[in-house]
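A.B. asks: Have a look; sequence and predicted model below, questions after that.
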Amino acid sequence: MEQDCFRSRCWTTDPRPRYWWHRLPGMDYVPPIYSGLTEEEWQIVRDWFDETDESKRIGECVVPMMSFLHGFIMGNRADCIVQLGTCSGYSMLLIGFMLRRMGARHGLFTLDCDPEMCAISRRWLDRARLDDFVRIEEMNSTAPNAPPAAAQFLGGAPNLVVVDSSHEYAATLTELDLWYPVLAPGGIIFLHDTSCFAQDFDVTHAGGVHRAFVEWRESHPDVEAILLNGESRTMEGTRPLYKDACGLGILHKPAMPDPAS
Ligand SMILES: C[S@@+](CC[C@H](N)C(=O)[O-])C[C@H]1O[C@@H](n2cnc3c(N)ncnc32)[C@H](O)[C@@H]1O
C-alpha cells in the first residue's frame, strides 16, 4: 500500500525524538498549523526542518503549543506580538505566515541574544519574504531597552508575549517583571517550559520557569493565571489532554473596566 505522505504525515513513523507528537496514537492527521499553509509556505517549513535536522539546531516549541498560539492569534487577530527567544526561526516563520494571512504588518518583534541564531532566522525570514511582518533583534530579553524597541516596531504595546528563552529561574522572573507592565490591558503572556520536568533546562539549577511562574503568580494575585501540565515530571507516557510534557503557563492581564458597566 502506498504511504500517505501529505505534509507532516511523513513524520508519523519517523523515530527521531523531535517528531514525537506525530507518532502519538491518533495523531496521523495534519494539524492546522501546517494544513493552513500555502504550498510555498509549507515547502519553506519542510526545508527548514531538513536543514535543522542536518545541523542539529533543534530547539523549537512543539505542535501543542504552536497550535495554541495559532488558534489564539488567528481567532483573535493578535497583531502586536513579542517573542523572547527566536532560536532558528520555527515559530517566527509560522507566526509570520499567520500575520501575513491577517494582513497585520509589523506584527511580531522577536529577539534572541545569540548572534548565530539571529543570522539563521534572518536568512529564513528573507526566504519567506516576511520582513514587512516580522523584526528579529539581537537582544537580551531582560534588557530594559527591549520593551521600547518592541513598542517602536509594533507601533504600540504588545498584546501577546511569548516567553521561550533561557529557562532560568532568575531571568524568567526578570522577564515577567519587565514585560508584564508593558503588556496591553487584556493582553496575554504565554510561557513555554513551565513544568517540573522542564526545571532541568535551568542551567543555574534554581528551579527554572516553573518556580518563577509559581512565585510570580503568588505575588500577583490580581493576574489570571493557568498552568498546563505544571505537574509533569517526565517525557514518558502520554498526558490526558494537553500533550506537551514541558508545560505551558498563561498569564492574563485584566482589561480596563468596561465603561458601560
Ligand atoms: C527554546 S529556544 C526558542 C525557540 C523558539 N521560540 C521557537 O519556537 O522556534 C530558546 C532561545 O532563546 C535564546 N535565549 C536564551 N536566553 C536568552 C535571553 N536572555 N535573551 C534572549 N534570548 C535568549 C537562545 O539563544 C535560544 O535561541
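C.D. replies: Okay, I see it. Residues are numbered from 1 along each chain as shown.
A.B. asks: who in the stretch 101-250 of the chain is up against the ligand?
C.D. replies: Residues of the stretch 101-250 of the chain found near the ligand (Cβ under 6 Å from any ligand atom) are Leu111, Asp112, Cys113, Asp114, Met117, Asn140, Ser141, Thr142, Asp164, Ser165, Ser166, Ala171. In this view, the C-beta of every residue, glycine as well, is placed from N, C-alpha and C.
A.B. asks: Swap in 5 Å and give it another go.
C.D. replies: Contact residues, the stretch 101-250 of the chain versus the ligand (Cβ under 5 Å from any ligand atom): Asp112, Cys113, Asp114, Met117, Asn140, Ser141, Asp164, Ser165, Ser166.
A.B. asks: For the second one, which non-adjacent residue is closest in space?
C.D. replies: It stands for Cys113. Asn140 (4.8 Å; Cβ to Cβ, 6 or more residues apart in numbering).
A.B. asks: ok but the one you found is inside a strand, no?
C.D. replies: No. Counting by DSSP: H, G, I helix; E, B strand; the rest coil, Asn140 is not part of a strand but coil.
A.B. asks: Tell me the spacing between it and Gly208.
C.D. replies: From Asn140 across to Gly208, the span is 18 Å (Cβ to Cβ, to the nearest Å).
A.B. asks: Compare these two and say which is more crowded by neighbours.
C.D. replies: Gly208 (25 against 17; other Cβ atoms under 10 Å).
A.B. asks: that older thread, pLDDT wise, what is the residue nearest to Cys113 at?
C.D. replies: Looking at Asn140, its pLDDT is 98.
A.B. asks: OK, contacts around Gly96?
C.D. replies: Leu108, Leu125, Ala128, Leu130, Phe133, Val134 (Cβ atoms under 8 Å, 6 or more residues apart in numbering).
A.B. asks: Do I have it right that the last one meets Ile95?
C.D. replies: This means Val134. Yes. Using Cβ atoms under 8 Å, Val134 is in contact with Ile95, at 7.5 Å.
A.B. asks: what touches both of those two?
C.D. replies: Counting by Cβ under 8 Å, 6+ apart, the shared contacts of Val134 and Ile95 are Gly107, Leu108.
A.B. asks: If you count surrounding residues, which of those two has more?
C.D. replies: Neighbours per residue, other Cβ under 10 Å: of Val134 and Ile95, the larger number sits with Val134, 28 against 25.
A.B. asks: Which residues are in contact with that one?
C.D. replies: Val134 touches Met92, Ile95, Gly96, Leu99, Gly107, Leu108, Phe109, Thr110, Leu125, counting by Cβ under 8 Å, 6+ apart.
A.B. asks: one more time with 10 Å, if that's ok
C.D. replies: 81, 83, 86, 89, 92-93, 95-97, 99-100, 105-110, 121-122, 125, 128, 153 (Cβ atoms under 10 Å, 6 or more residues apart in numbering).
A.B. asks: May I have the phi/psi pair for it?
C.D. replies: Val134 adopts backbone torsions of phi -130, psi 140, taken as degrees, to the nearest 10.
A.B. asks: Quick check: beta-bridge partners of it?
C.D. replies: With DSSP bridges applied, Val134 shows beta-bridge pairing to Leu108.
A.B. asks: how close does it get to the ligand?
C.D. replies: Per Cβ to the nearest ligand atom, to the nearest Å, Val134 is found 12 Å from the ligand.
A.B. asks: Would you confirm that the residue nearest to Cys113 contacts Ala171?
C.D. replies: Yes. If you go by Cβ atoms under 10 Å, Asn140 and Ala171 touch, sitting 8.8 Å apart.
A.B. asks: Is the most centrally placed residue in the chain bridged to anything, and to what?
C.D. replies: Closest residue to the average C-alpha location of the chain: Val162 at 5.3 Å, with Cα atoms, centre = their mean. Beta bridges link Val162 to Gln83, Phe190, judged by DSSP bridges.
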